[in-house]
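K.L.:
sharing a model prediction with you, sequence too.
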Amino acid sequence: EAALEKHEFKVFLQPKFGLDSKNEVIGAEALVRWFHDGEIVPPGKFIPLFEKSGCICALDFYVLKTVCKNISEWIKEGIEPVRVSVNFSKVHLCNKNVAHDILNIIDEYGVDKKYIEIELTEMSDFNDFQAFKALISELKDNGIMTSIDDFGTGYSSLNLLTNFNFDIVKLDKSFIDNIVSGKSKTDEIVVRSIADMLRELNMKIIAEGVETEEQAKLLLGINITMAQ
């Protein structure tokens, strides 16, 4: 909390591209970095600690406020924003009012809800199943898009798709890495099947960790048209 008060956390935007629209920027994900004692602390080091202590909740809301503030300023300057996704930890499921708190912040800055997306990570188990489902439903009922992060790495992925009405599924970068490296023909078959299934379910799919033209061409070849 002291680090938040000192403004040691900085929010950066990682772009999302439409591969079928001349690589047009179609969105972004808000990523937080911690600048402490002259060094950048990697998320892999501080996020697990913050989740364990519960501090992650304050950090997630800090990122959401920063994103809303930036979007509000862009609009005042005549800049049309893209939709920005903000990560929310599973720790928030302990708070029955989390959806209400999210909506209050968005309203506080006068931001149109179409510019905000809430990104959730796959559950490691189903202990929080009902809370998870209630959060997604309440956000969607209030016009907030939701996405599932790191799809394919957590518990019972297909159960998630059949039980939760996400707008967007974010495919974990390990699938793409394996396909490009030629290590796994199976992954290509699985990813193509997932993409086809999501279209049938009226969900969108975006591939994470796309860094090369080769990866982008591969994705287009299996009908995945969005990349981050």
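P.N.:
That came through fine. Numbering: from 1, shown residues only.
K.L.:
and Glu138, how far is that from Leu59?
P.N.:
Separation of Glu138 from Leu59 (Cβ to Cβ, to the nearest Å) stands at 22 Å. (Glycine included, C-beta is placed from N, CA and C.)
K.L.:
those two: which has the busier surroundings?
P.N.:
Leu59 (21 against 16; other Cβ atoms under 10 Å).
K.L.:
who's in contact with stretch 188-202?
P.N.:
Stretch 188-202 has contacts (Cβ atoms under 8 Å, 6 or more residues apart in numbering) with 151-152, 161, 169, 171, 175-176, 179, 204-205, 222-224.
K.L.:
which of those residues has the weakest pLDDT?
P.N.:
Lowest pLDDT within the contacts of stretch 188-202 is found at Gly152 (67).
K.L.:
by contact count, what packs against the longest strand seen in the chain?
P.N.:
In the chain, assigned by DSSP state E, the strand with the most residues is strand 24-36. Other elements packing on strand 24-36 under the criterion 3 or more Cβ pairs under 8 Å, 6 or more residues apart in numbering; DSSP states H and E are strand 9-18, strand 39-41, helix 43-53, helix 56-76, strand 83-88.
K.L.:
OK, contacts around the residue nearest to Ala28 when sequence neighbours are not counted?
P.N.:
In this structure, Ala28 finds its nearest non-sequential neighbour in Leu13, 4.0 Å apart by Cβ to Cβ, 6 or more residues apart in numbering. Counting by Cβ under 8 Å, 6+ apart, Leu13 touches 28-31, 84.
K.L.:
check the gap between the closest residue to Asn223 other than its chain neighbours and Ile222 for me.
P.N.:
Residue nearest to Asn223 in three dimensions, not counting chain neighbours: Ala195, with 5.5 Å by Cβ to Cβ, 6+ apart. In this view, Ala195 and Ile222 are 6 Å apart by Cβ to Cβ.
K.L.:
the more surrounded of these two?
P.N.:
Ala195 (19 against 16).
K.L.:
let's verify that one: helix, strand, or coil?
P.N.:
helix (DSSP: H, G, I helix; E, B strand; the rest coil).
K.L.:
the residue lying closest to Ile168 once chain neighbours are set aside bridge partners, please.
P.N.:
Once flanking residues are discounted, Ile168 sits nearest to Ser147: 3.8 Å by Cβ to Cβ, 6+ apart. Under DSSP bridges, the beta-bridge partners of Ser147 are Glu119, Ile168.
K.L.:
run a quick neighbour tally on Ser147.
P.N.:
22.
K.L.:
residue contacts, it?
P.N.:
By Cβ under 8 Å, 6+ apart, the residues touching Ser147 are 85, 117-120, 166-170, 206.
K.L.:
swap in 10 Å and give it another go.
P.N.:
Ser147 sits next to 27, 29, 85, 87, 117-120, 166-170, 203-206 when contact means Cβ atoms under 10 Å, 6 or more residues apart in numbering.
K.L.:
helix or strand with the lowest mean pLDDT in this structure?
P.N.:
Sorting the helices and strands of the chain by mean pLDDT, DSSP states H and E puts helix 157-163 at the bottom, at a mean of 73.
K.L.:
chain center to it: distance?
P.N.:
17 Å (Cα atoms, centre = their mean, to the nearest Å).
K.L.:
now stretch 137-152
P.N.:
Taking mean C-alpha positions (Cα atoms, centre = their mean), stretch 137-152 and its chain are 9 Å apart.
K.L.:
show me the contacts for the closest residue in space to Phe88 that isn't next to it in sequence.
P.N.:
Once flanking residues are discounted, Phe88 sits nearest to Asp60: 5.1 Å by Cβ to Cβ, 6+ apart. Asp60 makes contact with 30, 32, 50, 86-89, 91-92, 98, 102, 118, according to Cβ under 10 Å, 6+ apart.
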